[in-house]
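K.L.:
Let me see the structure of the following:
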Amino acid sequence: MLVVALVWAFLLVFQPSVASRISSSLPMPRSAATPAGQAQIPALQAEGITLGHPSQAPALSQQQALLLARQLIPDAATQAKSTTASYVLLNYPASSGHPAFNNVPAWMIVYQQVPVTFSSQAHQDLYLFLDANTGKELLAIWA
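P.N.:
So this is what the prediction gives:
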């Protein structure tokens, strides 16, 4: 897996046209559209997070965001029952653990029904927010 990631990173930096062609030929996971009236997610609202609809295109493609998310949290990526990716504006008030996010363009990767433990019957959803311009992890919320 590390070799694949290194090759992918090399292609992104030195051969972006090749990486783009490869990305466009890969199957894409289900993508949740972000309509103009962005529906709020109750689990995120309970944490104080609201979502908006971005008007500009992201610098990172959906495939790049999903690849980065898989690298950041590989267990959730492999164990989730389903994965969705949405391009959103992230709004979250500051707290002691993080800065405020005000209309930050982000990829919201949702890993649904991730087992709580390896042999557990209980599941949780993971909401991972990546900066849509840099790919940096902004926030991860288990609900």
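K.L.:
Now the element after the biggest strand by length in the chain, going C-ward?
P.N.:
For the chain, the strand that runs over the most residues, judged by DSSP state E, is strand 101-115. With elements assigned by DSSP states H and E, the helix or strand that comes after strand 101-115 is strand 123-131.
K.L.:
That next one pairs with which strands, and in what direction?
P.N.:
Based on DSSP bridges, the pairing partners of strand 123-131 within the sheet are strand 101-115 (antiparallel), strand 137-142 (antiparallel).
K.L.:
and Gln113, what is it in contact with?
P.N.:
The contact partners of Gln113, by C-beta atoms under 8 Å, 6 or more residues apart in numbering, come to 80-82, 123-125. Every C-beta, even on glycine, is put in place using the N, C-alpha and C of the backbone.
K.L.:
Could you measure from His53 over to Leu89?
P.N.:
7 Å (C-beta to C-beta, to the nearest Å).
K.L.:
quick check: mean pLDDT across stretch 63-75?
P.N.:
Average pLDDT, stretch 63-75: 96.
K.L.:
Oh, that last question was meant for stretch 80-88, not what I typed.
P.N.:
For stretch 80-88, mean pLDDT is 96.
K.L.:
same deal with stretch 110-129?
P.N.:
Mean predicted confidence for stretch 110-129 is 87.
K.L.:
Pick out the residue closest to the middle of the chain.
P.N.:
With distances taken as C-alpha atoms, centre = their mean, Ile109 lies nearest the centre of the chain, 2.8 Å away.
K.L.:
burial measure for Ala65, as a count.
P.N.:
The number of residues packed near Ala65 is 24, by other C-beta atoms under 10 Å.
K.L.:
Which of the helices or strands spans it?
P.N.:
Per DSSP H and E: Ala65 is located in helix 62-72.
K.L.:
Show me how far that helix is from its chain's centre.
P.N.:
From the chain centre to the centre of helix 62-72 is a distance of 7 Å (C-alpha atoms, centre = their mean, to the nearest Å).
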